[in-house]
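> would you be able to build a 3D model of this:
(2 chains, ligands or ions: 1)
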Amino acid sequence: MALTTTTTPEELSYAEAAVRALAQEMQADPRVVVLGEDVGRGGIFGQYKGLQQRFGESRVIDTPISEAAIMGAGVGMALAGLRPVVEMRVVDFALCGMDELVNQAAKNRFMFGGQGRVPLVARMPGGIWDASAAQHSQSLEAWFAHMPGLVVVCPATPQDNHGLLRAALQCGDPVVYIEHKTLWGLRGEVDDSLEVPLGRARRVREGDALTLVSWSRQLQACTAACDALAAEGIAVDLIDLRTLWPWDRETVLASCARTRRLLVVHEAVQVAGFGAEIAASAAEATGCRVARLGAPRIPVGYAPVLEAQSRVGAEAVAAAARKLLD
Amino acid sequence: MDTSSSSPDGAALYRTMVRIRAFENAAEAASQGGVSAYGQEAAGSARVRGPLHLSTGQEAVPAGVCAHLRTSDYLTSTHRGHGHTLAKGADLGRMMCELFGKATGFNGGKGGSMHIADFSVGMLGANGVVAAGLPIAVGAAHAQKLLGKGDGITVCFFGDGAINRGPFLEALNWARVYQLPVLFVCEDNRWSATTASGPMTAGDGASVRAQAMDIAATQVDGNDVFAVHAAAAALVAAVRGGGGPRLLHALTYRVKGHVSVDVAAYRDAAELAAALETDPIARARAHLLAHGMAGSALDAIENAARDEVATALAMADAAPWPEAGAAFTDVQTTGAGQWH
Ligand SMILES: Cc1ncc(C[n+]2csc(CCOP(=O)(O)OP(=O)(O)O)c2C)c(N)n1
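Coordinates of the predicted model:
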């Protein structure tokens, strides 16, 4: 795989798109370093493939299994002038570095009166990972969106994973970057020259009947639901949020004002999820009808029949949309 | 500051300790009516309103260690960080302003005592979370190594209670694995909040744990500033020379309660009385007098510190509060202005 910038769009996987984004940033900025478990071998999903060979062991740093130290060292490195990318393997393990992220990285700049900046990107793959049960399948993005100081990014496509990762590395704030555990092989065109700014949503489908907002892998269920609804003559305005904080209020609220109906769909548990924030904001700002759809408040089970209880599929999305149109 | 030789400048060490003591005595007085215990609200009269963790009796450790540091070296600290910050060279007046919560404080009033910091002298902050400074220190040291910052080092202060949290283990292992230029300094003051540390700690503490990870460690009488200075000289030289991490285990004592107006009624009076016999400032004074320094010179150092603190108090009293709008600045750039 070519690691250099090209002008012609190329088909890449979601993982390859991330590798390319990192390679470009590392090439452009010697302060960018990667640290985490197994990153030298390319990361457990291939999302760092070839980077250690290209940039050396001191810039792509294999670490001990020490999530607190990986995150905490990332904070120290950032304060001392580097731009670390810290790898947490899966969002579930980021909890072992939670103090370092929430109390240290997110608070540093404010608490010390602007003396320090923590430009780090914490990558923590999220979402249901088939047959991986309760500790490897969580969607915790709302926790981080709740936290002043953090940026939260949830890319859904290879193009976005390229553009948003670059934007995250350039933004200078601590970024929680949540790739989906099952999107790594997803292929799509990646245009290097395309910038994907943080905080800007993407319109996936256009329509006037209803606004549907989602992110990450749930976009796939939502797209399928839109196709089913289109066949019934229902045209949906489907918006991929891409960034949860800051989220694109302008795009979402403008759509809600037009359609008067909003459905937010996410893979995370519905209770106290980020869908509640969007629904409440839309209701406050536009008075539109709102509904949310997420997983029940249960840990993700192992057996297929149990795991399926946590999944929000296209049919459920379409059903929720129809109900909102009643 | 003495940055090269291991022969101590006694007057300078004495001055550092005396300034820390004078600063904290004044801060303690100004904290009357402030937050001292769980559930207690700060009275309007309190000028230092928030929790104030005093390092009274522990001054020899930062004085002896930081005498070997340069401005470009980094330092991370604990919740008990006034001594570390002063010894690293921060301005005493701006520190007092921060304790008062004023706009002219180092953190613009956003941090207070528990987050005292002066990044301009490499002091990367006191911390409200026990042991949190250790991984940050190894990160700073790792950056120094990667950025080729000559023989710059990072020093990391932590308490004896911190060694029972996971980040202690993770940070020491990390520092040794990558052979980082970091000096860990355990200020073993025998207490963790209202609990004696000894019965809560398996084994013989920080130095033994470090040795188990192949990090050379030295134990020192932390109330003898000259002993601390000598021990730190050797360790800092080793770390600066590329020898990898070292640990200094300084045995000292927490003279005051955990927070400023905690009277520490849970503590045995005889233990405190014995500890007061070994007060580091009195010991240093006796030592300096015995080695030919004039009492008048030492008095002059003390008077200068008192004057400096009086000026700082007046400055902090007169300083303005932060603008309310400052609550919304320096949170983050991305998405700034979208808080509501
Ligand atoms: C993770 C965490 N747990 C508990 C506390 C509450 N706390 C603050 S200071 C302290 C005692 C710390 O003891 P030690 O590390 O020995 O430092 P010392 O106070 O003696 O200087 C405790 C328990 C905290 N701030 N952070």
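
> what's the neighbour count on residue 197?
Since you didn't name a chain, this refers to chain A. The tally of other residues near residue A:197 (other Cβ atoms under 10 Å in any protein chain shown) stands at 13. Any C-beta I mention is one placed from the backbone N, CA and C, and that applies to glycine too.

> wrong chain, I was asking about chain B
Neighbour count of residue B:197, defined by other Cβ under 10 Å: 20.

> what about the nearest residue to it once chain neighbours are set aside, how many neighbours?
Nearest residue to residue B:197, sequence neighbours excluded (Cβ to Cβ, 6 or more residues apart in numbering or on different chains): residue B:160, at 4.5 Å. The number of residues packed near residue B:160 is 25, by other Cβ under 10 Å.

> ok, now which ones touch residue B:160?
Neighbour list for residue B:160: B:186, B:187, B:188, B:189, B:190, B:192, B:197, B:201, B:205, B:206 [criterion: Cβ atoms under 8 Å, 6 or more residues apart in numbering or on different chains].

> could you rerun that using 7 Å?
Listed by Cβ atoms under 7 Å, 6 or more residues apart in numbering or on different chains, the contact partners of residue B:160 are B:186, B:188, B:189, B:190, B:192, B:197, B:205, B:206.

> same question, residue A:241
Shown in contact with residue A:241 (Cβ under 7 Å, 6+ apart): A:201, A:213, A:215, A:247, A:248.

> how much space separates it from residue A:145?
Going from residue A:241 to residue A:145 by Cβ to Cβ, to the nearest Å gives 10 Å.

> check the secondary structure at whichever residue of chain A sits closest to the ligand for me.
Nearest residue of chain A to the ligand (Cβ to the nearest ligand atom) works out as residue A:99 at 7.0 Å. Look at residue A:99: counting by DSSP: H, G, I helix; E, B strand; the rest coil, its state is helix.

> if I read this right, residue A:39 contacts residue A:62, doesn't it?
Yes. Counting by Cβ atoms under 7 Å, residue A:39 touches residue A:62, with 6.1 Å between them.

> the two: which is more packed in?
Just comparing residue A:39 and residue A:62: by other Cβ under 10 Å the higher neighbour count belongs to residue A:39, 24 against 15.

> list the contacts for the more buried one?
A:48, A:52, A:60, A:62, A:87.

> from chain B, how far out is the closest residue to it other than its chain neighbours?
The shortest distance from residue A:39 to any non-neighbouring residue, by Cβ to Cβ, 6+ apart, is to residue A:48 (4.6 Å). To chain B, residue A:48 is 17 Å away according to Cβ to the nearest Cβ, to the nearest Å.

> what sits up against the longest strand anywhere in chain A?
In chain A, assigned by DSSP state E, the strand with the most residues is strand A:261-269. The contact list for strand A:261-269, computed with Cβ under 7 Å, 6+ apart, reads A:127-128, A:139, A:141-142, A:210-218, A:222, A:256, A:273-275, A:278-279, A:282, A:288-295, A:297, A:312, A:317, A:320-321, A:324-325.

> what's the burial count for residue B:224?
By the measure other Cβ under 10 Å, the count of residues near residue B:224 is 21.

> now it: phi and psi?
Here the main-chain torsion angles of residue B:224 (degrees, to the nearest 10) amount to phi -110, psi 100.

> pLDDT wise, what is residue 310 at?
Assuming you mean chain A. Note on residue A:310: pLDDT of 97.

> wait, chain B
The per-residue pLDDT reported for residue B:310 equals 98.

> and for the one 5 residues further on?
pLDDT for residue B:315: 98.

> what helix or strand is the closest residue to it other than its chain neighbours on?
Spatial nearest neighbour of residue B:315, chain neighbours left out: residue B:93 (5.0 Å); criterion: Cβ to Cβ, 6+ apart. Residue B:93 belongs to helix B:92-100 when elements are defined using DSSP states H and E.

> for the next helix-or-strand element following that helix, the distance to its chain's centre please.
Later in the chain than helix B:92-100, the nearest helix or strand by DSSP H and E is helix B:133-146. Remark: helix B:133-146 is offset 18 Å from the chain centroid, using Cα atoms, centre = their mean, to the nearest Å.

> and stretch B:8-19, by the same measure?
Distance, stretch centre to chain centre, for stretch B:8-19: 16 Å (Cα atoms, centre = their mean).

> can you check stretch B:10-28 too?
12 Å.

> so does that stretch get close to the ligand?
No. Stretch B:10-28 does not reach the ligand (Cβ under 6 Å from any ligand atom); its nearest approach is 13.1 Å.

> show me the contact partners of that stretch.
B:2, B:48, B:52, B:54-56, B:59-60, B:63-64, B:67, B:82-83, B:86-87, B:92, B:99, B:225, B:229, B:260, B:280-281, B:284, B:288, B:293, B:297-298, B:301-302, B:305-306, B:308-309, B:313.

> from residue B:312, how far off is whichever residue of the stretch 151-300 of chain B sits closest to chain A?
Chain A sits closest to residue B:170 of the stretch 151-300 of chain B, with a gap of 3.6 Å, by Cβ to the nearest Cβ. To residue B:312, residue B:170 is 38 Å away according to Cβ to Cβ.

> of the two, who's got more company?
Shown here are residue B:170 and residue B:312; by other Cβ under 10 Å, residue B:170 has more neighbours (28 against 23).

> quick check: phi and psi on that one?
With angles defined as degrees, to the nearest 10, residue B:170 sits at phi -60, psi -40.

> same thing with residue B:187?
Dihedral angles for residue B:187 - degrees, to the nearest 10 - are phi -90, psi 100.

> which residue does the stretch 201-340 of chain B bring closest to chain A?
Ranked by Cβ to the nearest Cβ, the top residue of the stretch 201-340 of chain B for proximity to chain A is residue B:335, at 2.6 Å.

> and that residue, what is it in contact with?
Neighbouring residues of residue B:335 by Cβ under 7 Å, 6+ apart: A:151, A:199, A:245, A:246.

> for residue B:61, same thing?
Residue B:61 neighbours (Cβ under 7 Å, 6+ apart): B:185, B:187, B:222, B:228, B:250, B:252.

> hmm, 10 Å instead?
B:17, B:55, B:83-84, B:87, B:157, B:185-189, B:220, B:222-223, B:225, B:228, B:232, B:248, B:250-252, B:280 (Cβ atoms under 10 Å, 6 or more residues apart in numbering or on different chains).

> that one should be in a strand, yeah?
No. Residue B:61 sits outside any strand when classified using three-state DSSP, being helix.

> quick check: pLDDT value at it.
Looking at residue B:61, the pLDDT reads 98.

> ok, residue B:4 next?
Reading off the model, residue B:4 has pLDDT 46.

> show me the residue at the heart of the chain, geometrically.
Reading this off chain A. When Cα atoms, centre = their mean is applied to chain A, the residue found nearest the centroid is residue A:154 (1.3 Å).

> wrong one, chain B
The centroid of chain B falls nearest to residue B:84 when counting by Cα atoms, centre = their mean (3.0 Å).

> confirm for me that that residue is in contact with residue B:62.
Yes. Between residue B:84 and residue B:62 there is a contact under Cβ atoms under 10 Å: 4.8 Å.

> which neighbours do the two share?
Common neighbours of residue B:84 and residue B:62 (Cβ under 10 Å, 6+ apart) are B:20, B:55, B:75, B:77, B:155, B:157, B:185, B:187.

> so among these, which ones count as buried?
B:20, B:55, B:75, B:77, B:155, B:157, B:185, B:187 (16 or more other Cβ atoms under 10 Å in any protein chain shown).

> which of those lies closest to the ligand?
residue B:187 (6.2 Å).

> correct me if wrong: the closest one contacts residue B:157.
Yes. With contact defined as Cβ under 10 Å, residue B:187 reaches residue B:157; the gap is 6.0 Å.

> returning to what we had before: verify the contact between the residue of the stretch 151-300 of chain B closest to chain A and residue A:99 for me.
No. Contact criterion Cβ under 10 Å: residue B:170 and residue A:99 do not qualify, at 11.7 Å.
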